[in-house]
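# Sequence first, then the predicted structure, then my questions.
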Amino acid sequence: MAEPGVETRTRSSVITARAAASFEPVGRSVAAARAFVRDTLQGWGHGDVVDDAVVLTSELVTNAVIHAGTAADVLCLRTEQGVRVEVADHYPEREVPLQGAGRPVAALDRENGRGLLLCSALASRWGVDYSPTSKNVWFQLNLPERPVGTRHAGPAVPTALLPVADERVRVAVLQVEPSGAITAWNDDAESLFGYAADQVVGKQLGDFAAWPHTPGTSTGLAEALLLSRWEGSYGLRGADGRVIPVYASHLRVRDTQGEPSTVCLLVRDDERAVLQTPARVTASAGGDSSGEGGSADPFEVFIGSPAPDDLDGLLQRTVERARDMLDGDAAFLLLATDDETELEVRASTGLPSARQRFARVPVEAGTSRYASARMPAVHEDLTAVPGAVPLLSGTGMRSVVTVPLKVEGRLTGSLGVAAEAPRRYANKEALRLQFAADRIALAVESARLGELERLRRGSLSFLVEASDLLAGTLDRDQTLALMAQMTVPTLATWCAVYTIADQSSDPYLSYVLHEDEERIDGLKELLSSIAPPEPVPTPGARVWNAPAEAAHRAALRASVQELGQEASAPLSSGIATTLHTATAVGGETVVLPLVARNRVIGMLTLGKPADDHFRQEILELAEDLSRRAALALDNARLYSERVSISQSLQRSLLPPGLPQIPGVEVDVIYRAAGEGNEVGGDFYDVFPIRDQAYGFAIGDVCGTGPEAAAVTGLARHALRLLAREGFGGPAVLERLNAAILDEGARSRFLTLLYGELWPQEDGSALLKVVCAGHPLPLRLRQDGTVEPAAEPQPLLGVMDDLELYEQMVVLDPGDVLLCVTDGVTERREGARMLGDDGLADVLRTCTGLTAGAVAARVLRAVERFAAEPASDDMAILTMRVPEPHHQ
């Protein structure tokens, strides 16, 4: 019997679209599955549920490919009610950990079982289906209802009450393809934004739109273009680089061939009445409350019905109604932070621009009654109390009334209305506004909590993907780039990353990114000209004013320089860059410390454009990201140091160069396997012993890492020392064997081919070789015959008493001696192995080639033997006696 909250069978529903994909049981499949679900749902136009679906899919696919260790099949279904996602694995005997009678609730910090807890918390419905070969966990997310298709008409009103607009109202008309490319651009669009049609047609609308990027709280531009209708505010970047606030109405249409596109109507934001759909006011709201439904809802009377279904729309409607109710020139609404210490500007109307959005002011600004946002306040003339309402500084407003929004005695916000004339408001207006605020406070708080929940879900999805990306690389430069690309434009307009090499070093500007690539160079130049922020380890974001102040000073100097130019002279590129940079960094800039392993290793700097501010939830998300990014950056640093040390140690174990041997060609190719972070055990050496006598060696120490490096260094240097003391080959290897065994537990066994070479006057070369457990050297004669040049003998580092002997080999003119490590002979492709016979076949094709050409051909044959990269180090040593006519 199924436990409460879990459905074990599906309900019939009409499926309107489906998409399926399978993922292998490897870690990277989790990220691939998330991307598949995100792309599918966005393609269907269901951006409202993307974040929840991505989080749930991530957990369920992780259960399948990581914990169950099987492939995962993901199926997305679109129905009339919503979206259904199914994740199937092939390990059905593993029961689903249901919660019920007699079962303890799973701990939230456990690795397993979280996916089903999340399903229970986030999904509209979910369940589990079993079959003999698979287990299928599914969840459904219902789509929010969207009011569409309502027609409206308004009554005739006096001229003085009509919305204010310019003498010539301009409505920009754009047409956008499903790909986001602009296909039509009318004359009004050119007048409003400064671009001619040929400058924008074919380019992406996203290149010009300043869309609010807040994870989980609103529809993105791509999703909005896929909806049948959309209406709201955003910004469009003009030809002068400034963002122009606009109000837009989007309608998705199809042409006679059935191809869809989106028609966008845009006006200036202060002329939104031209396009904005009016609120539908019920009959009861008009004043007659005697109908069957009883008295009108005071909230609907004030806001209008239907109320906006999103927080931003509700707040904007509130300030517009409050302004109209008190016949004001401007209105604003601020929401309190969770600790009720600050208020954050969330909506305004009638102010010069939306530049104050997300600006924060303290709740308690002084000791007087009027300095607290917890009480209603009336200021008859702001010129008498400068700075009493910082939000209105420089706006021309003279009188203002503000009232608190409270829910169950807790301050949740503040609503204000202002006028340009003094003494417009008194206690009577404060009471009217407070009455309205009391009617809407609960609805605003409910909408705020809903937005906060969506933001937290979006943040969870964002952090999951960010963690995946950061964990996927150990390259320092790539980590820096990822940090910046994840914050811009999702969290900020621009980003700069400072790094600190050690405690005695100053912060260094390592990476700069701006959402407009043309602003990056100017931003980098500006930040390089000022002192970096102080590396304070205190967690959390702190405001950094230096960039905005420096940009302001530079803009003033540029403006003075511009005034000195001829009126008809074009603006120089340097001055234009300075002014654009000042606009780009003129908003709020914050610094978050990058702390890893109790040390500040850098700072993450985030910035907004002129007069813009961060909202508190974004700063909290950025703080979470900075903690993950700091650890990833420090891991990359440690990895880079390890690679550098390993490569330096590896280079020290190989000879700096090869000696010139008269009458003998010598060439070596060495290839280290892997990413260079481990010291390999393969080595080679060619060195002079005494006049006309040379030693050569090629060997392989068991294992990798420091222990193998110690034995490698011991072997190479001991060979040179013992050979130059006059010991013969067997004596040299027997003493080296004793030295290796003396290392005790640190010893490693070693295969080694050692030989001594004497060039002869007749053009040949005499060699004496000892092969201690190593792949046998191969001799290629001039007639193409290949044969071993030595016999196998015991390897070193295993037995105490070794009795080795040397063998004499004469290389005639044209002969080649090939010596390799086992990385060559043991090259594999499935069950096949190159082996000694395969190597001999390759060598037979090398007749007449130089020593270097022989080594290159052998390496090429080894690399082509298998598709996968080599998993073992390889060393190839070739020696050839040239024919007489080559000398």
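Right, received. Where do you want to start? Numbers count the residues shown, from 1 in each chain.
# Got the confidence number for the nearest residue to Pro730 once chain neighbours are set aside?
Leaving aside its chain neighbours, Pro730 sits nearest to Leu804 (4.1 Å; criterion: C-beta to C-beta, 6 or more residues apart in numbering). Quick note: C-beta positions are derived from backbone N, CA and C, even for glycine. pLDDT for Leu804: 92.
# Over to Thr219?
56.
# Where does the prediction get shaky in the stretch 251-400 of the chain?
Residues of the stretch 251-400 of the chain meeting the criterion pLDDT under 70: 277-307, 309, 352-358, 365-372.
# Leu843: which element?
Here Leu843, judged by DSSP states H and E, is contained in helix 835-844.
# so for stretch 812-828, what's the average pLDDT?
The pLDDT scores in stretch 812-828 average 92.
# Between its first and last residues, how far does that stretch reach?
Taking C-alpha to C-alpha, to the nearest Å, the first and last residues of stretch 812-828 lie 34 Å apart.
# What of stretch 668-683?
For stretch 668-683, the end-to-end distance is 11 Å (C-alpha to C-alpha).
# Next: stretch 386-396.
The first residue of stretch 386-396 is 12 Å away from its last residue (C-alpha to C-alpha).
# can you list contacts of that stretch?
In this structure, residues lying in contact with stretch 386-396 by C-beta atoms under 8 Å, 6 or more residues apart in numbering are 330, 332, 334, 345, 348, 351-352, 356, 359, 361, 370-371, 379, 382, 397, 400, 402, 416, 418, 420.
# so how far is the helix or strand Ser191 falls within from its chain's centroid?
Per DSSP H and E, Ser191 falls inside helix 187-193. Its chain's C-alpha centre and that of helix 187-193 lie 36 Å apart, by C-alpha atoms, centre = their mean, to the nearest Å.
# What lies in contact with it?
For helix 187-193, contacts defined as C-beta under 8 Å, 6+ apart pick out 170-174, 195-197, 208, 236-239, 244, 246, 266, 268.
# picking up where we left off before, average pLDDT for the helix holding Leu843?
Across helix 835-844, pLDDT averages out at 92.
# Any buried residues in the helix or strand following it, and which?
Once the chain leaves helix 835-844, the next helix or strand it forms, by DSSP H and E, is helix 851-865. By neighbour count with 16 or more other C-beta atoms under 10 Å, helix 851-865 contains the buried residues Ala851, Val854, Ala855, Ala856, Arg857, Val858, Leu859, Ala861, Val862, Phe865.
# on that earlier part again, looking at the contacts of stretch 386-396, which are in strands?
Counting by DSSP state E, the part of the contacts of stretch 386-396 found in strands is Ala330, Phe332, Leu334, Val345, Ser348, Val361, His379, Val400, Thr402, Gly416, Ala418.
# got a list of what the nearest residue to Ala853 once chain neighbours are set aside touches?
Nearest non-adjacent residue to Ala853, counting by C-beta to C-beta, 6+ apart: Cys846, 7.3 Å away. By C-beta under 8 Å, 6+ apart, the residues touching Cys846 are Leu780, Val816, Ala853, Val854, Arg857, Val858.
# do you know how far Cys846 is from Val816?
7 Å (C-beta to C-beta, to the nearest Å).
# next one: Ala484
Relative to Val816, Ala484 is positioned 54 Å away (C-beta to C-beta).
# So what's the gap between the helix of greatest length in the chain and the chain middle?
Ranked by residue count, the top helix of the chain under DSSP state H comes out as helix 427-471. Mean C-alpha position of helix 427-471 versus that of the full chain (C-alpha atoms, centre = their mean) differs by 25 Å.
# what mean pLDDT would you report for that helix?
Helix 427-471 shows a mean pLDDT of 85.
# After that helix, heading C-terminal, what element do we hit next?
Sequence order places helix 476-487 as the next helix or strand after helix 427-471, per DSSP H and E.
# Now do the helix or strand that comes right after that following helix against helix 476-487, angle only.
On the C-terminal side of helix 476-487, the closest following helix or strand by DSSP H and E is strand 494-499. Taking axes from the mean of the first three to the mean of the last three C-alpha atoms, to 10 degrees, one finds strand 494-499 and helix 476-487 inclined to each other by 150 degrees.
# Need phi/psi at Phe614.
With angles defined as degrees, to the nearest 10, Phe614 sits at phi -90, psi 140.
# Report whether the expected contact of it with Val591 is present.
No. Assessed by C-beta atoms under 8 Å, Phe614 is found out of contact with Val591, at 11.9 Å.
# overlap in contacts of those two?
Overlap of the contact sets of Phe614 and Val591 (by C-beta under 8 Å, 6+ apart) consists of Ala541.
# In contact with Val816, which residues?
Contacts for Val816 (C-beta under 8 Å, 6+ apart) come out as Arg779, Leu780, Leu843, Cys846, Leu849, Ala851, Val854, Thr878, Met879, Arg880.
# burial count for the second one?
Looking back up the chat, that one is Leu780. 26 (other C-beta atoms under 10 Å).
# Can you tell me how far the residue nearest to Ala853 is from Leu818?
In terms of C-beta to C-beta, Cys846 sits 8 Å off from Leu818.
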